[in-house]
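Asks: please find the sequence and the predicted model below.
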Amino acid sequence: MAPGDRACYVELVDAGGKKSQDLASFEVCEKTSLVGKRVWITRKRSNIMALACEGRENCALSERVNLIVRIRELK
């Protein structure tokens with residue numbers, strides 16, 4: 001997990017070993033205790049800062065993405 005300008009960047013590995021990088025809410029980045037564990041994720045269509053903003057805080061552009069908004073450990 002790594003915080004970025006627009007969202008948190010999360011690398012996921014599925015059961016078959018395939019890796020993907022997904023966008024998540026900043027709150028998800030705080031769940032560092034879940035790194036390396038099997039997790040259940042919840043996604044929600046959400047607005048985040050547009051890539052065209054290049055990190056400028058006063059930029060009004062946004063884009064809709066499937067954002068990971070919740071993550072919890074599978075027992």
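Replies: Sure thing, it's come through.
Asks: how close does the residue nearest to residue 61 when sequence neighbours are not counted get to residue 23?
Replies: Spatial nearest neighbour of residue 61, excluding adjacent residues (C-beta to C-beta, 6 or more residues apart in numbering): residue 50 at 3.7 Å. Yep, even glycine has a C-beta here, placed from its N, CA and C like the rest. As judged by C-beta to C-beta, to the nearest Å, residue 50 and residue 23 stand 13 Å apart.
Asks: list residues touching both of the two?
Replies: Overlap of the contact sets of residue 50 and residue 23 (by C-beta atoms under 8 Å, 6 or more residues apart in numbering) consists of residue 6.
Asks: residues contacting the residue most central in space within the chain?
Replies: In the chain, the residue lying closest to the centroid (C-alpha atoms, centre = their mean) is residue 24, at 1.7 Å. By C-beta under 8 Å, 6+ apart, residue 24 lies in contact with 1, 7, 8, 9, 10, 67, 68, 69, 71.
Asks: same check, this time on residue 46
Replies: Each residue near residue 46 by C-beta under 8 Å, 6+ apart is listed here: 25, 64, 65, 66, 67, 69.
Asks: try it again at 7 Å.
Replies: With contact taken as C-beta atoms under 7 Å, 6 or more residues apart in numbering, residue 46 is in contact with 64, 65, 67, 69.
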